[in-house]
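> can't give you the sequence, but here's the structure:
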């Protein structure tokens with residue numbers, strides 16, 4: 001499985017995928033408000049309809065009871081329901097055709113042309129069949145003159161309650177979303193180069209989050225100060241003995257080589273080489289410790305030339321390890337980058353490949369990538385420190401915004417770096 005050192009943008013992609021809490025809250029509040037208002041107006045409408053139906057049924061029941069009581073006392077000579085308001089029919093006599101389908105007692109409503117007929121079907125008081133008590137013509141529309149006022153009153157009350165509920169929901173949304181937005185607005189201020197902020201949330205839970213952010217900002221600032229101080233002090237303190245080593249090596253180099261034993265000559269060369277390596281490392285670490293690359297750090301660097309030079313310097317290691325190196329260079333690669341970065345990067349890649357290889361290392365350089373492949377030495381003792389130099393390589397690639405990947409199998413270790421032609425450096 002390939003592993004990459006480029007992780008920038010992952011947080012942005014995750015934030016795009018994850019839903020917004022404030023948006024979700026606003027949607028939920030809107031849905032609850034719409035459902036409540038719809039139910040409120042629906043209840044008002046159904047209540048009006050039911051009120052009319054209940055009134056009509058009550059009137060029919062009252063008239064039916066009076067008719068049945070009168071029939072029991074006076075028989076057929078008893079008083080019939082109000083003929084101005086009601087029509088009455090019996091199932092044993094001639095019925096209108098539209099009533100013939102109603103054969104069970106109860107309250108019914110029937111649309112007869114333009115009229116909406118409300119009527120009651122009940123057992124005849126003489127025990128023979130059914131009788132039908134029906135509102136005459138438009139007599140069941142006695143509530144029409146009040147309906148407009150009833151509609152206006154009920155819907156006005158419903159509208160008033162809806163406005164109050166909407167205002168309450170909006171207030172609730174603001175009470176929850178505004179503090180969250182203020183906390184989110186403070187997240188970018190956690191960066192060490194941003195101004196500090198105060199913990200001013202009125203809610204204890206959010207105040208704890210702000211305090212955690214503020215404490216994290218303080219720790220980051222203190223860490224950066226310690227790191228910068230260490231880098232600056234280390235560079236200063238290391239350069240002093242480094243200059244002494246260089247000066248001493250130069251003095252020794254001025255001596256006649258024939259007057260020195262062969263081990264001393266080799267030792268002087270190793271001192272010179274080690275001094276150069278230390279100087280390049282110091283410069284690399286100083287630049288890595290800065291926020292961004294400056295234009296002054298960049299220069300045209302021939303990658304192929306650096307690779308070949310490092311392979312030449314590592315020839316003693318190649319011989320001691322008995323490793324065969326194959327270089328495949330298809331083109332000249334020139335990039336504007338800090339030269340120390342490229343030197344340290346190539347040296348670490350090649351040194352790691354040679355030290356931990358069993359017999360063979362392949363270096364491939366094209367116009368857009370560098371790949372180093374080595375077979376793996378089965379010596380477990382040597383593998384304990386495998387890849388320490390690759391951490392520096394990873395940091396350099398992050399700084400240069402190069403795509404750095406590595407893959408390890410049982411047989412070989414592959415590192416691959418894809419170059420970015422133009423690095424976007426700050427001014």
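On my side now, so go ahead. Computed from a prediction, not measured in an experiment: that's the story for all the values here. Numbers count the residues shown, from 1 in each chain.

> All the strands of this structure, residue numbers only.
3-4, 86-90, 106-112, 115-123, 130-135, 299-302, 324-329, 334-337, 357-365, 369-376, 403-408, 412-418 (DSSP state E).

> Indicate which one of these is closest to residue 210.
strand 3-4 (34.4 Å; CB to CB). Yep, even glycine has a C-beta here, placed from its N, CA and C like the rest.

> okay if I get the strands of the chain as a markdown table plus mean neighbour count and distance to residue 351?
As requested, these are exported to a markdown table (neighbours: other CB atoms under 10 Å; distance: least, CB to CB, whole Å):
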| stretch | mean neighbour count | distance to residue 351 |
| --- | --- | --- |
| strand 3-4 | 12 | 20 |
| strand 86-90 | 17 | 111 |
| strand 106-112 | 12 | 97 |
| strand 115-123 | 18 | 98 |
| strand 130-135 | 22 | 106 |
| strand 299-302 | 14 | 19 |
| strand 324-329 | 13 | 12 |
| strand 334-337 | 18 | 20 |
| strand 357-365 | 19 | 11 |
| strand 369-376 | 20 | 10 |
| strand 403-408 | 17 | 15 |
| strand 412-418 | 19 | 12 |
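
> Need the ones you listed in a markdown table (columns: mean pLDDT and distance to residue 163).
Shown next, in a markdown table, are those (pLDDT from 0 to 100; distance: least, CB to CB, whole Å):
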| stretch | mean pLDDT | distance to residue 163 |
| --- | --- | --- |
| strand 3-4 | 52 | 56 |
| strand 86-90 | 87 | 44 |
| strand 106-112 | 85 | 35 |
| strand 115-123 | 85 | 34 |
| strand 130-135 | 88 | 39 |
| strand 299-302 | 90 | 70 |
| strand 324-329 | 90 | 77 |
| strand 334-337 | 88 | 65 |
| strand 357-365 | 91 | 73 |
| strand 369-376 | 91 | 66 |
| strand 403-408 | 90 | 58 |
| strand 412-418 | 92 | 61 |
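
> what's the closest of the ones you listed to residue 71?
Between residue 71 and the strands of the chain, the tightest spacing by CB to CB is seen for strand 130-135, at 9.6 Å.

> And for that closest one, what's in contact with it?
56, 60, 63-64, 67, 81, 85-91, 95, 99, 102-103, 105, 117-125 (CB atoms under 8 Å, 6 or more residues apart in numbering).

> And residue 190, how close does it get to residue 268?
To residue 268, residue 190 is 52 Å away according to CB to CB, to the nearest Å.

> need the helix or strand of the protein with the lowest average pLDDT.
Across the helices and strands of the chain, the lowest-confidence element by mean pLDDT, DSSP states H and E is helix 380-383, at a mean of 47.

> how distant is stretch 271-289 from the center of its chain?
42 Å (CA atoms, centre = their mean, to the nearest Å).

> what's the answer for stretch 199-208, then?
23 Å.

> Please work out the average pLDDT along that stretch.
Mean pLDDT, computed over stretch 199-208, is 83.

> so how far does it reach from one end to the other?
End-to-end distance for stretch 199-208, by CA to CA, to the nearest Å: 9 Å.

> Go through it and flag the buried ones.
Neighbour-count burial for stretch 199-208, counted by 16 or more other CB atoms under 10 Å, picks out 201, 206.

> hang on, the earlier thing: JSON lines for the strands of the chain, including distance to residue 274?
Listed next are these as JSON lines, based on distance: least, CB to CB, whole Å:
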{"stretch": "strand 3-4", "distance to residue 274": "32"}
{"stretch": "strand 86-90", "distance to residue 274": "120"}
{"stretch": "strand 106-112", "distance to residue 274": "106"}
{"stretch": "strand 115-123", "distance to residue 274": "107"}
{"stretch": "strand 130-135", "distance to residue 274": "114"}
{"stretch": "strand 299-302", "distance to residue 274": "22"}
{"stretch": "strand 324-329", "distance to residue 274": "22"}
{"stretch": "strand 334-337", "distance to residue 274": "24"}
{"stretch": "strand 357-365", "distance to residue 274": "23"}
{"stretch": "strand 369-376", "distance to residue 274": "23"}
{"stretch": "strand 403-408", "distance to residue 274": "26"}
{"stretch": "strand 412-418", "distance to residue 274": "24"}
